[in-house]
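In: Kindly return the folded structure for what I paste below:
(chains A, B and C)
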Amino acid sequence: MIRLEARSSTPAWFNLALPLAAILATLILCSGLIAIAGASIFESYGIMLQAAFGDLQALREGDFYAITETLVRAAPMIFTGLAVAVAFRAKFWNIGAEGQLLAGAIAGGVVGTIPMPGALAMLAMAAAGGIAGGAVALVPAWLRVRLKVDDVVSSLLLNSVVYYGLMALIEGPWKDPLSGYPISPPIQDSANFPVFLEGTRLHLGVIVALLAAPIVWFVIARTVLGFSIRVTGENPEAARYAGIRVERVLLSTALLSGALAGLAGVGEVGGVHYQVMSEISPGFGYSGIVIAMLARLNPLGVVPAAIFLSAVMTGSAAMSRATGVPTFLGDVIQGTALLMMLVALLFTGYRLRFSGAGR
Amino acid sequence: MPRLSVLDNLLVGMPGKGGRLDAAGGRQRLAEIGRSFGLKLDPNRLVSSLAVGEQQRLEIIKALFRGARLLILDEPTAVLAPQDVEGLFAALRAIAGKGLGIIFISHKLNEVRALTSRCVVLRHGRLAGDIADPAATAAREMARLMCGQEIVTPSRPKVTAGRVVLELDGVATNGHPGMALKDVNLAVRESEIVGVAGVSGNGQRALADVIAGMLVPTRGKLRIGGEEVRDRSPRGVQAKGLGRIPEDRLASGLVGALPLADSMALPRIGQAPFSRNGLLQPAAIADFATAQIKEFDIRCQGPQARTGTLSGGNLQKALLARELAFHPRVLIAAQPTRGLDIGATRFVHEKFLGLRSAGCGLLVISEDLEELLTLSDRIAVMYEGAIAGIVDAADATVARLGLLMSGARERAA
Amino acid sequence: MNAVLEQLLQVGFFAAIIRIATPLALATLGEMISERSGVLNLGIEGIMLLSAMTGFTAAYYSGNLWLGVLAAAATGAAMAALHALFTVGLGLSQHVCGIGITLFCTGLAFFFFRLIFVDSSRPPTVESFAAVSLPLLSAIPILGPVLFNQFTLTYLTVIAVPVIAVVLYRTPWGLNLRMAGENPRAADAAGVSVMATRFQAVILGGALMGVAGAFLTMAQFNTFTFGVISGRGWIAIALVVFGRWDPWRCAGAALLFAFVDAVQLRLQAAGIGHIPYEAFLVLPFVFTIAAMAVMSRNAAAPPALLKPFRKEER
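Out: As a prediction, this is how the structure comes out:
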């Protein structure tokens, strides 16, 4: 007989053990799909690992290209992961990081085309992208606070609205006149983010993303705003009773969350593509939800979680090329990881009690 | 619209007739129950429109409808006016007369003695006594069994009330779940405990919310310490020196998932010493909690213990501590001892009387008339969102309060 | 402008509204049933997609469209059961689980579609359902071709609305379901298993979502594409709010939305001035958000929605 029993506190090592257990369970479950696809499980996962972090030979020779690629891909996911973590802390159900990212990319892309000195251009892009992302996130938050509209659905629907807005721009007035393709004109060369390691794509945005995590952690854990966000999420009634202006906190949270997602878009424009196209985000916004949950909404945990998902994504593409297993295995892993993490979270509130035959 | 009726509530879980709900049969049974036990209810009314007392009647009807042989009632009279208690008891006697068993759980000794034919006393989850003839047993004896010792009613030292510290002047509200306020006038003076009595759902919650800054009135003035409160938000009333003990400790007072220290700093988190320039000061927060835990003897695993792990009595101590540490001029407490054991209740009462001696004004909203009679200097009775009358404690009797609670206006107030 | 109006008032336009409304109505009803029992199913988008895929595949290989519909319903039910296991059985967050189910189902749908059909230049197609003219009725002028020359699945959807209404409001099971969503404790006290009721409601809802997906790949279109659902699931969730959790109103909401979508499609085809076609594509989404903003104020969701029920807890 197995029963769930409420527990009052969780040991600290749970923060590490739970996501690892969830990931392990996910990989075991998904190995079934690899088998169905007729490939060798260990070989497939091996290829994924190598593609994401480099093979031993390369690593021994000091070739860290694969790792840097995984980091480059992780950067936008760190931002969206932080965006979701901040939002979910306040129980503002922001499923719209994807649209906020696109808005950030558009704003960054527009500002980036204005001739400006490099540093100023990058700052202006970040500011514009952050504001644009924040503005998009403000819509569902405002609708919820003022009109009691469910934030999940409105933020989700806004993703499509922003996406079609982007399409209308790059197929219309904002189409690159030189290439004639539905992509935006490239940003100024001076606005291209500097690359830190010769021969890689490790750009400024990656460093900023890695720095953003501890900053967001500090805001959540050590400031009055972060405290208000946490209390509003845990118990809005008590927050209101204590004099916290819950509506204002939700709007601030949305602004912060959307700005972080917007920065993800700016990083992709300034550091990777140097222009805006319709497929600029392969679902980074949705990955952010998985990442935030794997991190247990802790901003510091977002970094490893984002690197994991980034590795899965780059890895599954390589694995697909080598073994013929569809690359969408990466998407399945992502969804499964989220579900497994939720199950793992049960152990924070409850413990399994195995009672003997005699009870 | 997802709303259920009285009939729906009766039919749920019952087998249907030919795959459909048996509405006609349900109405018939309901009418029968109304005839035999005097428990009547309109089957078409929506449950959400029922008053608390009617909801209780529905629950009893439901049990009878299903052919229950045993009813268990847990503190059923808390939501009733004294007059309606007699009606309930009549119905219960009729039910028992038809051969059904009733377990009646109450902390009100006079009710137990009036209604029951046998009584067991529980203390700390153990059987403390079994009384064969409650009616013939002294209340004092029962109380001794309940507490394990003679209970001492706290002494109320003589003090003279001072200036008015809390005043409601023609306050009205709307849009509140439950009863709205209609033209409430009420004053609390220094060194005075004013009790607020009334059948649950007669506007007590709106009254508490208006004073606590949770509900902005549509009309009227609120004065604290003689000054009109313009910023009628939780922060605004707090800034004027109001201490607040909310009715639901874990729903609106403290945050179960946070460390106790954070819960205790919560209402003043934006002020020094708990934060400076928008940055939290964890050391100051922990020091405050540690000091208060010691001062109020809050039983917990330290300031970092999860708030939700504390017992009800210790939660209430924590709430008291976080308010009293800032020396309120006036304290409003809603149902301050609900769900507390006798020890914790006495602690709360002693603290209240101590505050009164120290010059603080108190407004205590309670459904427990005994509590109000023990503590108060004056008792205001609420009925349908208004003050039906204010009685000096010296002249207050349960009968007189009960009359007011059921809507009989006092002529010579 | 006159040309556009003419386009709009054709018989084909009204028939198109009903065709567009069918999958939305099915999905909305499915979500409504789930929510009435107290479970928000945000997995709907993924469930519809995966069901559309499995239904299409089953039909493709068996050559039997109805087998495809059955497979889609079974897929929807199975994935909804998974959602129920997490949210009802384990009491996990309905929001996050739903998103998880959507991501999971989306991944599975893409994975298996690519595995089964490999990447080819010509997408696989099935001979999709043909419209069925009801004898006599379809001969009625104007109304006939609009209402009585539709797919069998559409007729079934029309019948499903009163059936669901009767089940919900007039049968013991329907009352149990409503009670589970409004006052699970009272339902439990009345001897109703809240858990079982919610499981049943979520699974039935999932089956309807599955059929909605099947309609898209086997009636409205004749192939499966990655974008075949394109937000219809999310819109269904909004339509439940708009339809105030009532089967009739939900069906009405689906019709109203289909009207907006049909107008949008016609305008897109007609191409007015220099308005980019995306402006029309975005219309249904903006309309849905606006509709929610208008309705949410006085909409009353089932009180126990989003709240897990554990028997032993108070």
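
In: Now do the same for the nearest residue to A:Asn159 once chain neighbours are set aside: its pLDDT.
Out: Once flanking residues are discounted, A:Asn159 sits nearest to A:Gly99: 3.8 Å by Cβ to Cβ, 6 or more residues apart in numbering or on different chains. To be clear about C-beta, it is placed using only N, CA and C from the backbone, and glycine gets the same treatment. If you check A:Gly99, the pLDDT there is 98.

In: Could you pull up the residues touching the residue of chain C found nearest chain B?
Out: For chain C and chain B, the shortest gap (Cβ to the nearest Cβ) falls at C:Ala190, measuring 3.4 Å. By Cβ atoms under 8 Å, 6 or more residues apart in numbering or on different chains, the contact set of C:Ala190 is B:12-14, B:62, B:66, C:179.

In: Could you do B:Leu71 as well?
Out: B:60, B:63-64, B:92, B:95, B:100-103.

In: 10 Å - rerun?
Out: B:59-60, B:63-64, B:92, B:95-96, B:100-104 (Cβ atoms under 10 Å, 6 or more residues apart in numbering or on different chains).

In: C:Phe242 - how many residues pack around it?
Out: Burial of C:Phe242 is recorded as 23 neighbouring residues (other Cβ atoms under 10 Å in any protein chain shown).

In: which non-adjacent residue is nearest it?
Out: Take C:Phe242 and drop its neighbours on the chain: the residue closest to it by Cβ to Cβ, 6+ apart is C:Ala253, 4.3 Å away.

In: In this structure the one you found contacts C:Leu24, no?
Out: Yes - the criterion here is Cβ atoms under 10 Å, and C:Ala253 meets it with C:Leu24 at 8.4 Å.

In: Go ahead and list the helix or strand containing residue 30.
Out: You didn't pick a chain, so chain A it is. Assigned by DSSP states H and E, A:Cys30 belongs to helix A:14-36.

In: I was after chain C.
Out: Going by DSSP H and E, C:Gly30 is in helix C:11-36.

In: In the stretch 1-150 of chain C, where is pLDDT below threshold?
Out: Scanning the stretch 1-150 of chain C for pLDDT under 70 picks out the ranges C:1-9, C:119.

In: near chain A, which residues of it show up?
Out: Residues of the stretch 1-150 of chain C that fall close to chain A, judged by Cβ under 10 Å from any Cβ of the partner chain: C:40, C:42-43, C:45-46, C:82-83, C:85-87, C:90-116, C:118-119.

In: Now, of those, which are buried?
Out: By neighbour count, with 16 or more other Cβ atoms under 10 Å in any protein chain shown, the residues of the stretch 1-150 of chain C next to chain A hold C:40, C:42-43, C:45-46, C:82-83, C:85-87, C:90-115 as buried.

In: Among these, name the ones in helices.
Out: Among these, the ones falling in helices (DSSP state H) are C:45-46, C:82-83, C:94-115.

In: What ranges does the chain have for its helices?
Out: No chain was given, so I picked chain A. Using DSSP H, helices in chain A cover A:14-36, A:41-53, A:56-60, A:65-89, A:97-112, A:118-147, A:151-171, A:204-222, A:224-234, A:236-241, A:246-268, A:284-294, A:299-323, A:329-349.

In: my bad, chain C
Out: Applying DSSP H to chain C gives helices spanning C:2-8, C:11-36, C:44-62, C:65-84, C:94-117, C:143-147, C:152-170, C:172-182, C:184-189, C:194-215, C:232-242, C:247-270, C:277-281, C:283-296.

In: Equivalent analysis for the stretch 151-300 of chain B, please.
Out: Assigned by DSSP state H, counting those that start in this stretch, the helices in the stretch 151-300 of chain B fall at B:204-212, B:234-239, B:260-265, B:282-295.

In: Tell me the pLDDT of B:Asp22.
Out: 90.

In: What residues does the stretch 251-400 of chain B have near chain A?
Out: B:251-258, B:262-263, B:265-271, B:274-282, B:285, B:301, B:304-309, B:322.

In: Now, the residues you listed that are in strands?
Out: Within these, residues falling in strands by DSSP state E are B:275-276, B:279-280.

In: So of these, which two are at opposite extremes in space?
Out: B:Arg276 and B:Leu280 (8.7 Å; Cβ to Cβ).

In: And those two? Which one has more around it.
Out: A count of neighbours by other Cβ under 10 Å puts B:Leu280 above the other of B:Arg276 and B:Leu280, at 20 against 12.

In: Tell me if I'm right that that one and B:Leu266 touch.
Out: No - taking contacts as Cβ under 10 Å, B:Leu280 lies outside contact range of B:Leu266: 11.8 Å.

In: which residues do those two both contact?
Out: Taking Cβ under 10 Å, 6+ apart as the criterion, B:Leu280 and B:Leu266 both touch A:227, B:274.

In: since we're on residue 126, how many residues are nearby?
Out: I'll assume chain A. Residue neighbour count, defined by other Cβ under 10 Å, stands at 23 for A:Ala126.

In: hm, I was asking about chain C
Out: 23.

In: Enumerate every residue touching it.
Out: Residues near C:Val126 by Cβ under 10 Å, 6+ apart: C:55-65, C:68, C:217-218, C:221-224.

In: What backbone torsions are found at residue 282?
Out: No chain was given, so I picked chain A. phi -80, psi 50 (degrees, to the nearest 10).

In: wait, chain C
Out: Here is the backbone geometry of C:Val282 (degrees, to the nearest 10): phi -80, psi -20.

In: I figured it was touching C:Ser230, is that so?
Out: No - under the criterion of Cβ under 10 Å, C:Val282 is not in contact with C:Ser230, lying 12.0 Å apart.

In: neighbour-wise, which of these two wins?
Out: C:Val282 (21 against 16).

In: Spatially nearest residue to that one (excluding sequence neighbours)?
Out: Closest residue to C:Val282 apart from its sequence neighbours, by Cβ to Cβ, 6+ apart: A:Tyr164 at 4.2 Å.

In: Count residues in the vicinity of the one you found, would you?
Out: Counted with other Cβ under 10 Å, A:Tyr164 comes out at 21.

In: before we move on, the earlier item: of the contacts of C:Val126, grab the buried ones for PyMOL.
Out: Filtering the contacts of C:Val126 down to the buried ones (16+ other Cβ under 10 Å) takes a single PyMOL command:
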select buried, chain C and resi 55+56+57+58+59+60+65+68+217+218+221+222+223+224
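
In: Next, see if stretch B:97-109 gets close to chain C.
Out: No - Stretch B:97-109 is not in contact with chain C by Cβ under 10 Å from any Cβ; minimum separation 15.2 Å.

In: and the stretch 101-250 of chain A, which residues reach chain B?
Out: A:218-219, A:221-228, A:230-245.

In: and if you look at chain C?
Out: Neighbours of chain B within chain C, by Cβ under 10 Å from any Cβ: C:35-36, C:166-176, C:178-183, C:186-193, C:244-246, C:249, C:298-305.

In: how about 6 Å then?
Out: Residues of chain C lying close to chain B (Cβ under 6 Å from any Cβ of the partner chain) are C:170-172, C:175, C:179, C:182, C:187, C:190-192, C:244-245, C:300, C:302.

In: Mind checking which of those are buried?
Out: Counted by 16+ other Cβ under 10 Å, the residues of chain C next to chain B give C:171-172, C:175, C:179, C:182, C:187, C:190, C:192, C:244-245, C:302 as buried.

In: among those, which two are most distant?
Out: Checking these with Cβ to Cβ, the most distant pair is C:Ala190 and C:Arg244, at 25.3 Å.

In: Contacts only, for A:Arg89.
Out: Taking Cβ atoms under 6 Å, 6 or more residues apart in numbering or on different chains, we find A:Arg89 in contact with A:229-230, A:233, A:297.

In: Let's see that with 7 Å instead.
Out: Residues near A:Arg89 by Cβ atoms under 7 Å, 6 or more residues apart in numbering or on different chains: A:220, A:229-230, A:233, A:297.

In: got the residues of the stretch 151-300 of chain A near chain C?
Out: A:152-154, A:156-157, A:160-161, A:164, A:167-168, A:171-172, A:286, A:289-290, A:293 (Cβ under 7 Å from any Cβ of the partner chain).

In: tell me which of those is nearest to B:Glu371?
Out: Nearest member of these to B:Glu371, counting by Cβ to Cβ, is A:Val152, at 44.7 Å.
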